[in-house]
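K.L.:
here is a sequence together with a model predicted from it:
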Amino acid sequence: MSLLSKLLTLIENIFIYPTLRVWGLSILSILRFFSYKSESTKKYLYDNTLNNIPKKKGIFHPQNKEHIIRLIKVAHSNHATIRVVGSGHSVWEAIYAQNNNCIHIILGGDFKKIHSINISSDGNFALVNVGAGCHLGRDPNDRESSFENSFNFQVDQKGYALPILGGMSHQTIAGFLQTSSSGGSLEHGIADVLEEIEIINGKGETIILNKKTNEDKFNASVVSMGLFGVITRATFNLPKKYSVEGTEINKEFKDSLLVNDKGHYRKLHDALKNYEYFHMNWFPQKYVQRTSQWNGNLVSPELPKKPYKHLLKEKFMNVLAALALRISNLTEIIIGGNLAQRIIGLVLRTFIRIRKPVHFRDLWYKVLPNDDQADVDRLMKTSYTEIWFPLEKIDEVMGTLERLFRRKPSYAGNFAIELYGAKNSPYWMSPSYKRDVFRVNPYWWGRNLGDPYEFFEEFWKVLLPIDGARLHWGKYMPKPGEIYGEHIFGINYLRHCYPKLNNWLDIREEMDPDQIFVTNYWRRVFDIRKNI
Ligand SMILES: Cc1cc2nc3c(=O)[nH]c(=O)nc-3n(C[C@H](O)[C@H](O)[C@H](O)COP(=O)(O)OP(=O)(O)OC[C@H]3O[C@@H](n4cnc5c(N)ncnc54)[C@H](O)[C@@H]3O)c2cc1C
């Protein structure tokens, strides 16, 4: 081989091949995205029996139970798949049907409203009955959604509150429950206040499941990924409203809670235990090595307010952050190696600046979903995979991650890894079922070139072999059949993780014997065999 052709091969290997590959994968992801349809199949959109049910962009918006029952009947007689969309924040496949005989619905009308608020005789609690399509906060993607009609605002006005919220509050009540979404707290969970749900199952029957009187079915149905039926209402027993007082602080890794003591991550463990609300963004890139810590505690709502201000509150800052992420992503693809790491370090450090701690004190629904202030649906749109571990596995998990980034710095990506916790849950399919958990949530910026799946795979390879690992149902998950440590991801692995899985599958079968809510994605995950 001539020197010239050797040189060309080298250039090709170093620059062109990875670049083309990444472009190719990006184009593939875009094509894959468009090959899935969010619309219902055309014949249903023009079906006479369904024509008085409002529709928008190919999705039915049932306004009442009669509409839902009619949609289920039509799905039934046509062997169609029927799926409910909340605010659409989970991965595409977890929500929509992947076949061309489907009916998609978004709950409308009464299902978006609070029906009643009954205050207890001592005034300490309010029993709130709400349509399952009501958004927790304002969903910027839904034109009908406003602060005034959000669940959080309305219950706060009456003097009551949910004990916990996720990092943003665009979700619908049912979407939040169905994937076992949780905020960062070992002390507060949604199960503390959820009393009852109403569900219309695959047979078109309306079933009310109460926490006390139908314990098993209730605990099975709350987290069921849309596979049991349409959740139409929820009832919460809410405590009095509160404020959250806390601090946000950026630190160098060496000064942060992530420093270990002979392999024990005690400081992190204690922070998860001692703060009522806690989450941390870790930037593990070789030349960034910083953390952004957010912690808070519950205080009286009467205390003077000091509003929380997100770094990305202003549109301009979102543009700058997107630019920084774009530069870092391209640098890694085009240059790679240590030089890329240095450039990424330079760019990201300008954002995650070490500054004085920022203190805040404000109402629960303004502070807990702190990412509501950032443009998470557009410029900062992000994909995630999230793995939940028993709290006592924290040393093993953190040690594994640190070794991963030392071995291959590029696995640290160009964004953050969120670390937080969740309270143990009674719901059979919750990843925190019967144990407090430590959660690892790697971010993949939605506009990165490349394949998020490939990025997340590196985390699955090292983290899923840790005993007790369970995945968030609304985020990226491995494909069934892939091997991680001693486990093949799929039904047997899930049986190992979830002790009540078989009972859950039995109840699923009873609720939806004709499998009208089962999509190809969930069929593969839970090995649900087609009815003959
Ligand atoms: C920016 C961002 C931040 C996030 N932060 C957190 C966080 O802090 N903590 C956390 O745990 N998760 C978090 N998530 C994940 C998010 O909470 C989940 O994806 C949640 O399920 C989204 O709710 P949704 O209303 O968008 O439901 P969708 O994503 O639309 O639906 C979720 C599932 O519920 C089903 N479903 C929806 N409505 C009904 C119904 N009425 N009846 C039956 N089934 C139904 C759907 O079919 C689907 O299977 C975040 C996601 C994003 C994009």
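P.N.:
In hand now; what should we look at? Numbering: from 1, shown residues only.
K.L.:
could you list every residue that touches Ser87?
P.N.:
135, 139, 141-142, 170-172, 175 (Cβ atoms under 8 Å, 6 or more residues apart in numbering). Heads up, the C-betas are built off the backbone N, CA and C, glycines and all.
K.L.:
kindly provide the distance from it to the ligand.
P.N.:
Going from Ser87 to the ligand by Cβ to the nearest ligand atom, to the nearest Å gives 4 Å.
K.L.:
that residue in helix, strand or coil?
P.N.:
Secondary structure state of Ser87, per DSSP: H, G, I helix; E, B strand; the rest coil, is coil.
K.L.:
what residues does the stretch 151-300 of the chain put near the ligand?
P.N.:
Contacts of the stretch 151-300 of the chain with the ligand, taken as Cβ under 6 Å from any ligand atom, map to 166-168, 171-172, 174-176, 178-179, 181-183, 225-226, 230-231.
K.L.:
which of those residues fall in helices?
P.N.:
The members of these that map onto helices under DSSP state H are 174-176, 178.
K.L.:
closest to Met398 out of those?
P.N.:
Phe176 (27.9 Å; Cβ to Cβ).
K.L.:
that closest one touches Gly166, doesn't it?
P.N.:
Yes. The pair Phe176 / Gly166 is scored as a contact, 7.1 Å apart, by Cβ atoms under 8 Å.
K.L.:
circling back to that earlier point, so which of the contacts of Ser87 wins on neighbours?
P.N.:
Thr172 (29 neighbours; other Cβ atoms under 10 Å).
K.L.:
near the ligand, which residues of this protein show up?
P.N.:
83-90, 94-95, 107, 132, 166-168, 171-172, 174-176, 178-179, 181-183, 225-226, 230-231, 376, 472, 474.
K.L.:
how much space separates whichever residue of the stretch 101-250 of the chain sits closest to the ligand from Ile164?
P.N.:
The ligand sits closest to Gly175 of the stretch 101-250 of the chain, with a gap of 2.1 Å, by Cβ to the nearest ligand atom. Per Cβ to Cβ, to the nearest Å, Gly175 is found 16 Å from Ile164.
K.L.:
Phe176 and Gly166: who's more crowded?
P.N.:
The neighbour count for Phe176 versus Gly166, taken as other Cβ under 10 Å, is higher for Phe176 (27 against 20).
K.L.:
how about the more buried one, what does it touch?
P.N.:
86, 136, 166, 190.
K.L.:
go ahead and confirm the last one touches Gly166.
P.N.:
No. With contact defined as Cβ under 8 Å, Ile190 does not reach Gly166; the gap is 9.6 Å.
K.L.:
overlap in contacts of those two?
P.N.:
In contact with both Ile190 and Gly166: 176, 182, using Cβ under 8 Å, 6+ apart.
K.L.:
my guess is Tyr96 meets Arg83, correct?
P.N.:
Yes. Shown here, Tyr96 and Arg83 form a contact pair, counting by Cβ under 8 Å, at 5.9 Å.
K.L.:
what do the two both touch?
P.N.:
102, 104, 519.
K.L.:
I'd like those residues written out as TSV, with neighbour count and pLDDT added.
P.N.:
Converted to TSV, the shared contacts of Tyr96 and Arg83 look like this (neighbours: other Cβ atoms under 10 Å; pLDDT from 0 to 100):
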residue	neighbour count	pLDDT
Cys102	22	97
His104	24	98
Thr519	24	98
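K.L.:
and those, which of them are in strands?
P.N.:
Among the shared contacts of Tyr96 and Arg83, the members falling in strands (DSSP state E) are 102, 104.
K.L.:
just the shared contacts of Tyr96 and Arg83 now: which is nearest Ala322?
P.N.:
Ala322 has its nearest neighbour among the shared contacts of Tyr96 and Arg83 in His104, at 30.1 Å by Cβ to Cβ.
K.L.:
tell me who's in contact with the closest one.
P.N.:
Contacts of His104 by Cβ under 8 Å, 6+ apart are 38-40, 58-60, 82-85, 96-97.
K.L.:
buried subset of those?
P.N.:
38, 40, 59-60, 82-85, 96-97 (16 or more other Cβ atoms under 10 Å).
K.L.:
surely His188 is within a helix?
P.N.:
No. With three-state DSSP as the criterion, His188 is assigned coil and is not in a helix.
K.L.:
in the helix or strand that Thr331 is a member of, which residues are buried?
P.N.:
Using DSSP states H and E, the element containing Thr331 is helix 315-334. Of all the residues in helix 315-334, those buried under the rule 16+ other Cβ under 10 Å are 317-318, 321-322, 324-333.
K.L.:
same check, this time on stretch 143-162
P.N.:
For stretch 143-162, by 16+ other Cβ under 10 Å, it's 145, 150-156, 160-162.
K.L.:
which parts of the stretch 251-400 of the chain are strands?
P.N.:
Along the stretch 251-400 of the chain, counting by DSSP state E, counting those that start in this stretch, strands occupy 277-283, 290-299, 358-363, 382-384, 387-390.
K.L.:
okay, these in a markdown table with distance to Ile466 next?
P.N.:
Below are the strands of the stretch 251-400 of the chain laid out as a markdown table (distance: least, Cβ to Cβ, whole Å):
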| stretch | distance to Ile466 |
| --- | --- |
| strand 277-283 | 18 |
| strand 290-299 | 22 |
| strand 358-363 | 34 |
| strand 382-384 | 18 |
| strand 387-390 | 6 |
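K.L.:
let's have those strands in a markdown table, adding mean neighbour count and mean pLDDT.
P.N.:
Below are the strands of the stretch 251-400 of the chain laid out as a markdown table (neighbours: other Cβ under 10 Å; pLDDT from 0 to 100):
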| stretch | mean neighbour count | mean pLDDT |
| --- | --- | --- |
| strand 277-283 | 24 | 98 |
| strand 290-299 | 21 | 98 |
| strand 358-363 | 18 | 98 |
| strand 382-384 | 19 | 97 |
| strand 387-390 | 24 | 98 |
